[in-house]
Structures are given as structure tokens and as C-alpha cells.
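[1] build the 3D model from these lines:
(2 chains)
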Amino acid sequence: MWYKIIEITEWFGEVAERYRLVKDFNRAAKYAFIQGTAPTLLEAKITRGESTYKHAFSKWMASGFRIKALSGRPLERGELVEIGRVILDNEELTRKLITLGWDTLEVHSNKGYNGVKWALKEFAKIGGFLN
Amino acid sequence: MIVSLIQIKKDSALSKSIAEGTEVTASNIDLSISIWFWLAIIECIIIIYLVFKLKKRNVNLDFADISKDKLNSVKSSSIDMGNVMNSINSSRGLYKNLSRLCHPDRFINSEKQELAESIFQEITKHKRNFQKLSELKQRAKEELEIKM
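    Numbers count the residues shown, from 1 in each chain, chains lettered A, B, ... in the order given. Modelled structure (predicted):
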């Protein structure tokens, strides 16, 4: 019984942590844009994600972490990849995304039809980290 | 058989109501109970099937052997989002600049060659981490005496 109650509180804590992470990202992006260090405003949001990238911690229907660049022009593939690679090279952030139930990282711009996505599990090295 | 049973029940309820002088509508209580009972059973079977399928699928997925409790420390760790933003916007330029200035080829046959090699390796390793690159820039300034 107690175990179930703890599980439920953990679930709510996890949901809150997910939204906090997205909020922190958006706030940092906003400050960087206002200060002039960032030429484009980035916006993160939770999406459905790619079903083939699923792992054991994936959240149902909310496993995609999407970064939208409000650039006003279609970004080139190289630019989109560069944004995504910064997230994926940050091992701590990637592991946190995985443990909080995300399995897909998506990057696209607000104009054009280009977008890139990665399976987070390929970049986390979680097994090695725990061992 | 169920239909005939319902019909019998319906008829008996009708005759009883006529005798007692009460009104009988099409939505008989007994009839509705039996329909909801069967619906509930079907729903229950579907839920059990879905739970079974979910459990079975989770076993085959990646990280299924890792307990969630072990990852609690990762969940509560704080990420420096400012550094992430700086890395997205400024790390590329800084990396290019540093890799050009600290390239070991610039220190051939000098006593700083080994040091330059180690710094260059670090720069390549952290090419998308602005904070690390800034630290390496400072180190290059002090140890390699490079003017930026």
C-alpha cells in the first residue's frame, strides 16, 4: 500500500520535473535572445515522439522533446544538426531526458519543412554510466 | 437464449405492473443491468489484455533491466541551461578559434608541444561545451601564453 502511494507521488514529481526542465530551457533561450547572444529564439515543447525510438522509461504519447527555432527562415540541415548535437553531446542532459521519459529529440524551424530527429537512447550510454 | 430470458423477464414485469397498476418503460432495470454487466466484462478483458501487452513490450525494450530507483540521482540533477544556450550559439566559433590557436603544429620542437597536444585533445573532446571551452581558453592563455 505504502509502496503504491510512494509510486504515485514519484509519478507526480516526475511530471513536475519534466515541465520544469522545459520551462528552464525556454527561459534560458528567452534570456539569450533578449541579451543578443542568440540570433534565433528557441522554444522547447513536449510532443508525441517516434514510436520506434521507445525505451523502458518512455512516456506514453509524450515522449518527444521538440526544439523549434523561431528563425523566420528555413534553417539548413547543418544548422539544425548543430543545435541537436549540442543537446546530445551534453551527456548529463541526455540522461536526464531519458530518465524523465523522453525518447526522441526533434529540431526544426518555424519556416520550411526540414526537421531532424534522433533516438536519445543511442547517445545516453546509460548501461556504462551505471556500471 | 439470453434474448429469450430477457423477454420472459420483460413479460413477467409487464404482467406484474398491470396487476399493480404501475407504468413500464422499455428501459427495464433488469435488462439494463444485464447489458452493463456484459459490457463491464468485455471492458475488463480488454484492460487485462492491454496491461499484459504493455508488460510484455516493456521487457523487450532498451533499459528494461535498469531499475528506476538507480536513476533517481540523475533525475534530480540540475542542468545549467545558460551553458546549453551558450553552447548552441557560441561554442562553434570559440572551438574554431581555439583549435586554430592551440594546434600542436604551432608548437613543434618546443617544450610546450606536449601541453599543446593535451589541451588540443580536450578542446576536440568538448567542442560543443561552451563552459569547458572557456576554461580551456583561460588555460591556453596562462600555460601556452597565447594572445587571444
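[2] and the residue nearest to the spatial centre of chain B, what is it in contact with?
    Among the residues of chain B, the one closest to the centroid is residue B:75, at 11.5 Å (Cα atoms, centre = their mean). By Cβ atoms under 8 Å, 6 or more residues apart in numbering or on different chains, the contact list for residue B:75 reads A:14, A:17, A:96, A:99-100. C-beta: built from backbone N, CA, C; applies to glycine.
[3] contacting chain B as well, which ones from these?
    A:14, A:17, A:96, A:99-100 (Cβ under 8 Å from any Cβ of the partner chain).
[4] and residue B:49, how many neighbours?
    When neighbours are counted by other Cβ atoms under 10 Å in any protein chain shown, residue B:49 registers 10.
[5] and what of the one 5 residues further on?
    The number of residues packed around residue B:54, counting by other Cβ under 10 Å, is 10.
[6] that older thread, just the buried residues of the ones next to chain B among the contacts of residue B:75.
    When those are checked for burial by 16 or more other Cβ atoms under 10 Å in any protein chain shown, the buried set is A:14, A:17, A:96, A:99-100.
[7] can you put these in JSON lines and add pLDDT and secondary structure?
    What follows is those, written out as JSON lines (pLDDT from 0 to 100; DSSP: H, G, I helix; E, B strand; the rest coil):
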{"residue": "A:14", "pLDDT": "85", "secondary structure": "helix"}
{"residue": "A:17", "pLDDT": "90", "secondary structure": "helix"}
{"residue": "A:96", "pLDDT": "91", "secondary structure": "helix"}
{"residue": "A:99", "pLDDT": "89", "secondary structure": "helix"}
{"residue": "A:100", "pLDDT": "91", "secondary structure": "coil"}
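[8] which pair in those residues spans the largest distance?
    Using Cβ to Cβ, these span at most 11.3 Å, a distance reached by A:14 and A:96.
[9] given the strand or helix carrying residue A:106, what are its sheet partners and their directions?
    Residue A:106 belongs to strand A:104-109 when assigned by DSSP states H and E. Applying DSSP bridges, strand A:104-109 is found paired with strand A:64-70 (parallel), strand A:115-119 (antiparallel).
[10] now for the ones you listed, which one comes closest to residue A:87?
    Residue A:87 sits nearest to strand A:64-70 of all these, at 7.5 Å, using Cβ to Cβ.
[11] just checking, residue A:53 touches residue A:106?
    No. Residue A:53 is beyond contact range of residue A:106, at 10.4 Å (criterion: Cβ atoms under 8 Å).
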